[in-house]
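S.K.: Predicted model and sequence below, questions to follow.
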Amino acid sequence: MTEKEKCEAGLLYNANYDAQLIQERMVCKDLCLEYNALKNSDAEERSRLLKKILGSTKENLCIEPSFWCDYGYNIQVGENFYSNHNLVILDCAKVRFGDHVFIGPNCSFYTAGHPLDVKQRNEGLEYAHPITVGDNVWLGGNVVVLPGVTIGNNTVIGAGSVVTKDIPENVVAVGNPCRVVKSIEENK
C-alpha cells in the first residue's frame, strides 16, 4: 500500500518523506503562490487558477488572497462560496463545502493530525480525516476546524472558535472548544 493509499484509508502514513506526496504538495503550493500574486482586478485569471487548484467547484466562488492548501484536489466547494483573506486548508483528506458558505478572515481547516506517540511523530507519520461543511454555513474570523469534523446546514460558527467535534444543523456555536449556544429559529 502506498503512503497516499494509507492516507486515503485514514491510516497513519508518511507525509514528510514520501516523494509522490511531496511532489503533489509542491505543484499545489506553486499554484497557490501564483494565485496569491494576481491582481484583484484580474478576476478571470483568478477564477481559472482556483478551478485548476481545487478538485471540484461550482461557478460562483471567491477566495480572497492569501489562500494556501496542501493538495487542492481534495477540496470541493459549492455554489456561492466566499472566503475572506488568509484561508488555509490542509487537505490531506477530503474537505467538502456546501452551497452558500461564507468564511471570515484567517480561518483554517486541518484534516491532518499527528500521533501522540513521539516515536511515530518523529518518523513523520500523520493521519488525515475528512471535514464536511454543510449548506448556508457562516464561519466568523479566526475559526479553526479540526480533523474529522462535520458542520451541519444553516449553522453559524462564532469568531475565534476551535471546532473539535461535529456541530449540528440550525445552531449558533462558539468557543474553544466550540459548543452549541442556541438554536436558530426561522425568521417570521
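M.R.: Received it, and whenever you're ready, just let me know what you need.

S.K.: Let me see the contact set for residue 161.
M.R.: By C-beta atoms under 8 Å, 6 or more residues apart in numbering, the contact set of residue 161 is 139, 140, 143, 144, 173, 174, 175, 176, 178. For every residue, glycine as well, the C-beta is placed using N, CA and C.

S.K.: residues in contact with the nearest residue to the second one once chain neighbours are set aside?
M.R.: When you say that, I think you mean residue 140. Excluding its sequence neighbours, the residue lying closest to residue 140 (C-beta to C-beta, 6 or more residues apart in numbering) is residue 159, at 3.2 Å. Each residue near residue 159 by C-beta under 8 Å, 6+ apart is listed here: 104, 140, 141, 142, 143, 174.

S.K.: Just put these in CSV and tack on pLDDT and distance to residue 29.
M.R.: CSV is the format used below for these (pLDDT from 0 to 100; distance: C-beta to C-beta, whole Å):
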residue, pLDDT, distance to residue 29
104, 98, 23
140, 98, 27
141, 98, 24
142, 98, 23
143, 98, 23
174, 98, 32
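
S.K.: can you pick the most crowded of those residues?
M.R.: Most neighbours among those, by other C-beta atoms under 10 Å: residue 143, with 24 neighbours.

S.K.: Wait, it touches residue 104, no?
M.R.: Yes: the pair residue 143 / residue 104 is scored as a contact, 6.8 Å apart, by C-beta atoms under 8 Å.

S.K.: re earlier: which stretch of helix or strand covers the residue nearest to residue 140?
M.R.: Residue 159 belongs to no helix or strand when assigned by DSSP states H and E.

S.K.: what distance separates the host helix or strand of residue 31 from the middle of the whole chain?
M.R.: Per DSSP H and E, residue 31 falls inside helix 19-36. Centroid separation between helix 19-36 and its chain, computed with C-alpha atoms, centre = their mean, to the nearest Å, is 16 Å.

S.K.: Name all residues that make contact with residue 3.
M.R.: 13, 14, 15, 18, 20, 21.

S.K.: Can you report phi and psi for the spatially closest residue to it that is not a sequence neighbour?
M.R.: Nearest residue to residue 3, sequence neighbours excluded (C-beta to C-beta, 6+ apart): residue 18, at 4.0 Å. The phi and psi values for residue 18, taken as degrees, to the nearest 10, are phi -90, psi 120.

S.K.: Can we start the residue count at 59 from this point?
M.R.: Taking 59 as the first residue, the last one we looked at is residue 76.

S.K.: Contact partners for residue 76?
M.R.: Neighbouring residues of residue 76 by C-beta under 8 Å, 6+ apart: 60, 61, 62.

S.K.: coming back round to it: any chance of the contacts of residue 219 in JSON lines, plus distance to residue 138 and secondary structure?
M.R.: What follows is these, written out as JSON lines (distance: C-beta to C-beta, whole Å; DSSP: H, G, I helix; E, B strand; the rest coil):
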{"residue": "197", "distance to residue 138": "15", "secondary structure": "strand"}
{"residue": "198", "distance to residue 138": "18", "secondary structure": "coil"}
{"residue": "201", "distance to residue 138": "19", "secondary structure": "coil"}
{"residue": "202", "distance to residue 138": "23", "secondary structure": "strand"}
{"residue": "231", "distance to residue 138": "22", "secondary structure": "strand"}
{"residue": "232", "distance to residue 138": "24", "secondary structure": "strand"}
{"residue": "233", "distance to residue 138": "27", "secondary structure": "coil"}
{"residue": "234", "distance to residue 138": "29", "secondary structure": "coil"}
{"residue": "236", "distance to residue 138": "24", "secondary structure": "coil"}
